[in-house]
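*Asks:* below: sequence and its predicted model.
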Amino acid sequence: MKFYTHLTKFIIIPYLGVVLFVYVVQRDMLYFPSQDIQPIAAYGLPEKLQDITFTAADGVRLQAWYAPPEQGKDSVVFFHGNAGNLANRKHKYQEILSRGYGLMALDYRGYGKSQGTPNEEGLYQDARAAIAFLQAENIPTKKMILYGESLGTGVATQMGLEHEVKLLALEAPYSSIAAVAQATYWFLPVTLLLKDRYDSAQKIGHIDDPLILFHGTADRVIPIGFGRELFSHAKEPKQAYYFKGLGHNNHNIKTNLDLIENFIQSGFSISSLPAAGD
């Protein structure tokens, strides 16, 4: 009896305390928003990029940067990762805009000047509002490239499930946040605790949009195995590029856009593209 008393006192109760703490603060461990954002001009981006606001279905006011496409070009809808805000991806926007694409770069609720606090369903509502804004600008979904980065790959995947788009492009994606979190916090019952799951692997097999995926073999934030698993569930046409030695935050947007353009110009014919890397 004394053994079980000590077990309860020194192991079980502290462990349950850790579990409770993680459950309470889990969204603070997933989302790292920054409200430090300057006017667009401060980042040296083209003047055609506009700072706009619109409202999600639940009344949350959102900030985004928007530029219309050049004649005949598609629009890139950019869903950024879990840290910072949209301004931290300015080098990616510069390259996208230099190629004549339109751009919708959204700050999720709680990021930048967007109101509210982030959560999975809220981010989906934010993305729906961004797509609705583009549709109101007479940009059909078939002229949209959904580009998701890290956390944003789950948002992009959900939008690909809801809309027929030109292309779904995923940079450093996961099969689900639950799977990544469980692998990281193996000593906790994460799958039972998690509120925001972003279960992309369960969704992607129901998506008919063409898919292109980019992942680095040295990614320590979302290890490449999660990207490979997601890719295995996707329908054709699909193409993956696994970059040797590449980490999580150093993807080359010029390379990725070149590969996207090759995929589109091939008519999404995998046989005519360079082989996916190892």
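*Replies:* Now that the structure is in, tell me what you want to look at. Numbers count the residues shown, from 1 in each chain.
*Asks:* K90 falls within a helix, correct?
*Replies:* Yes. K90: assigned to a helix according to DSSP: H, G, I helix; E, B strand; the rest coil.
*Asks:* which non-adjacent residue is nearest it?
*Replies:* Y43 (4.6 Å; Cβ to Cβ, 6 or more residues apart in numbering). For the C-beta atoms, the positions are set from N, CA and C on the backbone; glycine is no exception.
*Asks:* kindly report the same for A169.
*Replies:* Take A169 and drop its neighbours on the chain: the residue closest to it by Cβ to Cβ, 6+ apart is Y147, 4.6 Å away.
*Asks:* and the helix or strand the one you found falls within, what's its mean pLDDT?
*Replies:* Using DSSP states H and E, Y147 sits within strand 144-149. Strand 144-149 carries an average pLDDT of 98.
*Asks:* for it, packing partners?
*Replies:* For strand 144-149, the packing partners by 3 or more Cβ pairs under 8 Å, 6 or more residues apart in numbering; DSSP states H and E come out as strand 75-79, helix 151-162, strand 167-171.
*Asks:* in its sheet, what does that strand sit against?
*Replies:* Strand 144-149 has its sheet partners listed here by DSSP bridges as strand 75-79 (parallel), strand 167-171 (parallel).
*Asks:* quick check: next helix or strand after the first one?
*Replies:* Looking back up the chat, that one is strand 75-79. Assigned by DSSP H and E, the successor of strand 75-79 is strand 83-84.
*Asks:* what comes into contact with that next one?
*Replies:* With contacts defined as Cβ atoms under 8 Å, 6 or more residues apart in numbering, strand 83-84 is touched by 32-34, 111.
*Asks:* in strands, which of those fall?
*Replies:* Under the assignment DSSP state E, the contacts of strand 83-84 contribute 32-33 to strands.
*Asks:* let me see the contact set for the spatially most central residue of the chain.
*Replies:* Central residue check for the chain by Cα atoms, centre = their mean: the C-alpha nearest the mean position is that of G152, 1.2 Å away. Residues near G152 by Cβ under 8 Å, 6+ apart: 78-81.
*Asks:* what's the closest of these to K238?
*Replies:* Proximity of the contacts of G152 to K238 (Cβ to Cβ) peaks at F79, which lies at 18.8 Å.
*Asks:* measure I204 to Y174 for me?
*Replies:* Relative to Y174, I204 is positioned 11 Å away (Cβ to Cβ, to the nearest Å).
*Asks:* what residues do the two have in common as contacts?
*Replies:* L230.
*Asks:* who does H215 form a beta bridge with?
*Replies:* Taking DSSP bridges as the rule, H215 bridges to Y242.
*Asks:* and the gap between it and K113?
*Replies:* Between H215 and K113 the computed distance is 31 Å (Cβ to Cβ).
*Asks:* also D126?
*Replies:* In this view, D126 and K113 are 13 Å apart by Cβ to Cβ.
*Asks:* out of the two, which sits in the more crowded spot?
*Replies:* D126 (27 against 15; other Cβ atoms under 10 Å).
*Asks:* which SSE is that one in?
*Replies:* Per DSSP H and E: D126 is located in helix 120-136.
*Asks:* just checking, what packs against that helix?
*Replies:* strand 50-55, strand 61-67, strand 75-79, strand 102-106, helix 151-162.
*Asks:* can you tell me the strand partners of the second one and which way each runs?
*Replies:* Translated: strand 61-67. When pairing is defined by DSSP bridges, strand 61-67 lines up against strand 50-55 (antiparallel), strand 102-106 (antiparallel).
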